[in-house]
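Visitor: sequence first, predicted coordinates after that:
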Amino acid sequence: MTIKVDDIAATLPPVGAEGTYKSDSNGEVRSEAAQKRNIDLPLPEGQCLSLWLQTVRNNPLLDHRTTEELPSQAEVVIIGSGITGSLTALSLLQSANPPSSIVVVEARELCSGATGRNAGHCKPDQWRGFTKYKQAFGAEQSLKALVAYVRKHNVDCDLWVGKTVCASSLDVAMTREIAEVSAKNFADYKAAGGKVDHIEVITEPAAAEKRSRLKGAQAVYAWDASTLHPWKLVANVIQKALDLGLNLQTWTPVSAVTGSEGKWEIHTDRGVITTPIVVHATNAYAGHLLPETKGIIRPTPHMCNKVLPPASFAGSKALQNSYAVMFPEGLYSINPRRAGDGIVLFGGSAPNQKFLNEYVNSDPERKTNDSLINFEPVTDAVRKLGTEHFQWDPVPGQSKGNAVRYDYAWSGIIGRSADGVPYIGKVPGKPGQWMCAGHNGHGMARIFTCAPALAKMIQGASWSETGLPECFEVTKERLDRLRG
Ligand SMILES: Cc1cc2nc3c(=O)[nH]c(=O)nc-3n(C[C@H](O)[C@H](O)[C@H](O)COP(=O)(O)OP(=O)(O)OC[C@H]3O[C@@H](n4cnc5c(N)ncnc54)[C@H](O)[C@@H]3O)c2cc1C
């Protein structure tokens, strides 16, 4: 479904359209589409394809089922096959004392949630949010763990690591105010003992413009990050787990988890699996099976834009860095696929996200509807950055070669956490149930420490032994406080 600016008003529920929109018990307006499907579950048909999913249509892992029949029991059942579910499975299977059987159950194709739909930018939020959280999250270690995995296993996933002075990941402040806030965050992080010697800091606007190639840049912080093909990474992780005995069941949505300690029942339309250990790796969709997380993990659609750069930014002039470009209205996360084809991907909470939010908020069905493509207001914001700051649009007759092309935009559903950090650990009051969800628009690097840590806890480690920050732990007190 492509959305143009003029369509938005037309698609809002018209006044008096009671025939097509009904109120549910919360007073929310429910469209016909919402009434036809369970809107807390992944969209079962019509979902759009990200660039990643488009490039792996012939991979048999997409619809893999290890056994024709769904197993009736397992020692561990993991729900969700994104980076969280697949890495938790592999961590358990590679441990000294692996479970005798693990089933990963996935509602749709392998890795067709947020992991298969993001912009492929793995940028640990090391110091940017420091003043807000007053805590370093070991972000650097997470990125190192991800890169080490890819290198150790020689994973074919277009990995690029920005580490040097000429090619790194740039945080670019586009206004004086943002430059000042960034400087404060950076100073607080440094004063608290945060490691900063690897971060290149440019606070002089002319130098910031030159380094970033962005007209109007006010300050630049250059540090480590990486970009990759996230689906191919998960496919590698899952294949390793399959080699160690994992049973993967795609196209099997879990409708309910019932039972009690020692005997949880995982309900699907292909049968029931009984297990003592359940792992919820369902991210944005966690609320369906864990009602205690409803409202505090909010499914929130985001767009990623694929842009073919103009000739003036191709070949030897291609972008050398990945970016987080910060404006007061939101940021652009930019992955120029340096180890791939040089196509530039834009993600992030781009300016004009508010229009997407308005569109989504007018019908609850849209919160988990990832059929949306080419949402024009977000593409307009990307076009504005290209035109005004990268200065991509050629002056007619003055530039050789191809012009920029704003080619395609796809959607994915982010699991937005009410307090900004994920929920990891034992599900309160449900012994044997575990979760790792609510990763917001980050997570790709961080999950490389969170999922192995969750696996250790499932096998008996305490929270403090995992080294994860305390604010990530899911506790009854935290859930109660956030639910208000
Ligand atoms: C558009 C977009 C851009 C992003 N950009 C970035 C970025 O640049 N950098 C970054 O680090 N992060 C980014 N993120 C966030 C990142 O992708 C996520 O934090 C991360 O992928 C979460 O991984 P996950 O495995 O926990 O969740 P997911 O990948 O969403 O996996 C959850 C899986 O559970 C399955 N599932 C859900 N409910 C059920 C059920 N009832 N039964 C069976 N299966 C079920 C889903 O189908 C899905 O496959 C972005 C996300 C989006 C959507």
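Guide: Thanks, I have the structure now.
Visitor: and residue 44, what does it touch?
Guide: 37, 107-108, 253 (C-beta atoms under 8 Å, 6 or more residues apart in numbering). Bear in mind the C-beta positions are built from the backbone N, C-alpha and C, glycine included.
Visitor: and which of those residues is nearest to residue 213?
Guide: Relative to residue 213, the closest of those is residue 108; by C-beta to C-beta it sits at 38.7 Å.
Visitor: double-check the closest one against residue 251; I have them as touching.
Guide: Yes: assessed by C-beta atoms under 8 Å, residue 108 is found in contact with residue 251 at 6.4 Å.
Visitor: the two: which is more packed in?
Guide: residue 108 (22 against 18; other C-beta atoms under 10 Å).
Visitor: and the more buried one, how far is that from residue 70?
Guide: 16 Å (C-beta to C-beta, to the nearest Å).
Visitor: mind listing what's buried in the longest helix seen in the chain?
Guide: Determined from DSSP state H, the single longest helix within the chain is helix 176-191. In terms of neighbour count (16 or more other C-beta atoms under 10 Å), helix 176-191 has its buried residues at 178-179, 181-182, 185-186, 189.
Visitor: stretch 83-91 too?
Guide: Quick answer for stretch 83-91 (16+ other C-beta under 10 Å): 83-91.
Visitor: going by distance to residue 381, which of the residues you listed wins?
Guide: Checking the buried residues of stretch 83-91 one by one against residue 381 (C-beta to C-beta), the nearest turns out to be residue 83, at 27.1 Å.
Visitor: quick check: pLDDT value at the residue lying closest to that closest one once chain neighbours are set aside.
Guide: Nearest residue to residue 83, sequence neighbours excluded (C-beta to C-beta, 6 or more residues apart in numbering): residue 115, at 4.5 Å. The model reports residue 115 with a pLDDT of 98.
Visitor: what do you get for residue 145?
Guide: On the pLDDT scale, residue 145 gets 87.
Visitor: next one: the one 5 residues further on
Guide: Confidence at residue 150, expressed as pLDDT, is 93.
Visitor: does anything pack onto the helix or strand where it lies? Which helices or strands?
Guide: Taking DSSP states H and E as the definition, residue 150 sits inside helix 139-152. The contact analysis (3 or more C-beta pairs under 8 Å, 6 or more residues apart in numbering; DSSP states H and E) places helix 139-152 against strand 225-227, helix 447-458.
Visitor: which other residues reach that helix?
Guide: The contact list for helix 139-152, computed with C-beta under 8 Å, 6+ apart, reads 122, 124-126, 155, 157, 159, 161, 195, 224-226, 228, 233, 237, 444-449, 452.
Visitor: show me which of those residues neighbour the ligand.
Guide: 122, 444-445, 447 (C-beta under 6 Å from any ligand atom).
Visitor: just the ones of the residues you listed in helices?
Guide: Going by DSSP H, the helices hold residue 447 from these.
Visitor: mind checking which of the ones next to the ligand among the contacts of helix 139-152 are in strands?
Guide: residue 122 (DSSP state E).
Visitor: in the stretch 1-150 of the chain, which spans are helices?
Guide: Counting by DSSP state H, counting those that start in this stretch, the stretch 1-150 of the chain has helices at residues 5-11, 32-36, 51-54, 83-93, 130-133, 139-152.
Visitor: using PDB, list the CA coordinates for the last one.
Guide: This file holds the C-alpha atoms of helix 139-152, laid out as PDB (Å, rounded to 0.1, in the frame of the first residue of the first chain):
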ATOM      1  CA  ALA A 139      27.400  -0.400  24.100                       C
ATOM      2  CA  GLU A 140      30.900  -0.700  22.800                       C
ATOM      3  CA  GLN A 141      31.100  -4.300  24.000                       C
ATOM      4  CA  SER A 142      27.900  -5.100  22.200                       C
ATOM      5  CA  LEU A 143      29.200  -3.800  18.900                       C
ATOM      6  CA  LYS A 144      32.400  -5.700  19.400                       C
ATOM      7  CA  ALA A 145      30.500  -8.900  20.100                       C
ATOM      8  CA  LEU A 146      28.500  -8.500  16.900                       C
ATOM      9  CA  VAL A 147      31.600  -7.700  14.800                       C
ATOM     10  CA  ALA A 148      33.500 -10.600  16.400                       C
ATOM     11  CA  TYR A 149      30.700 -13.000  15.600                       C
ATOM     12  CA  VAL A 150      30.600 -12.000  11.900                       C
ATOM     13  CA  ARG A 151      34.400 -12.100  11.600                       C
ATOM     14  CA  LYS A 152      34.800 -15.400  13.500                       C
END
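Visitor: the closest residue to the ligand within the stretch 101-250 of the chain: what's it in contact with?
Guide: Taking C-beta to the nearest ligand atom as the measure, the stretch 101-250 of the chain has residue 113 as its residue closest to the ligand, at 2.7 Å. Neighbouring residues of residue 113 by C-beta under 8 Å, 6+ apart: 42, 80, 82, 283-285, 412-413.
Visitor: returning to that earlier point: now the helices of the stretch 1-150 of the chain in a markdown table, with distance to the ligand?
Guide: Shown next, in a markdown table, are these (distance: least, C-beta to the nearest ligand atom, whole Å):
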| stretch | distance to the ligand |
| --- | --- |
| helix 5-11 | 19 |
| helix 32-36 | 17 |
| helix 51-54 | 11 |
| helix 83-93 | 3 |
| helix 130-133 | 17 |
| helix 139-152 | 10 |
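Visitor: pick the most deeply packed of the ones you listed.
Guide: helix 83-93 (a mean of 28; mean count of other C-beta atoms under 10 Å).
Visitor: need the contact list for residue 244.
Guide: Residue 244 touches 90, 93-94, 98, counting by C-beta under 8 Å, 6+ apart.
Visitor: from these, which two are the most distant?
Guide: So, the contacts of residue 244 by C-beta to C-beta: farthest apart are 90 and 98, at 10.2 Å.
Visitor: the ligand contacts on the stretch 301-450 of the chain?
Guide: Near the ligand, when you scan the stretch 301-450 of the chain using C-beta under 6 Å from any ligand atom, you find 302, 304, 333, 347, 412-414, 437, 439, 441-445, 447.
Visitor: same thing with the stretch 151-300 of the chain?
Guide: So the stretch 151-300 of the chain meets the ligand at 253-254, 281-285, 288-289 (C-beta under 6 Å from any ligand atom).
Visitor: most neighbours, which of these?
Guide: Greatest neighbour count in those, by other C-beta under 10 Å, goes to residue 282: 31 neighbours.
Visitor: isn't it right next to residue 288, touching?
Guide: Yes: Residue 282 lies in contact with residue 288 (C-beta under 8 Å); the separation is 7.5 Å.
Visitor: just the helices and strands packed on helix 139-152: most buried one?
Guide: Note that of the helices and strands packed on helix 139-152, strand 225-227 is the most buried (mean count of other C-beta under 10 Å), with a mean of 26.
Visitor: with distance to residue 427 and pLDDT added, can I get the contacts of residue 244 in CSV?
Guide: Formatted as CSV, the contacts of residue 244 follow (distance: C-beta to C-beta, whole Å; pLDDT from 0 to 100):
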residue, distance to residue 427, pLDDT
90, 22, 98
93, 22, 98
94, 24, 98
98, 22, 98
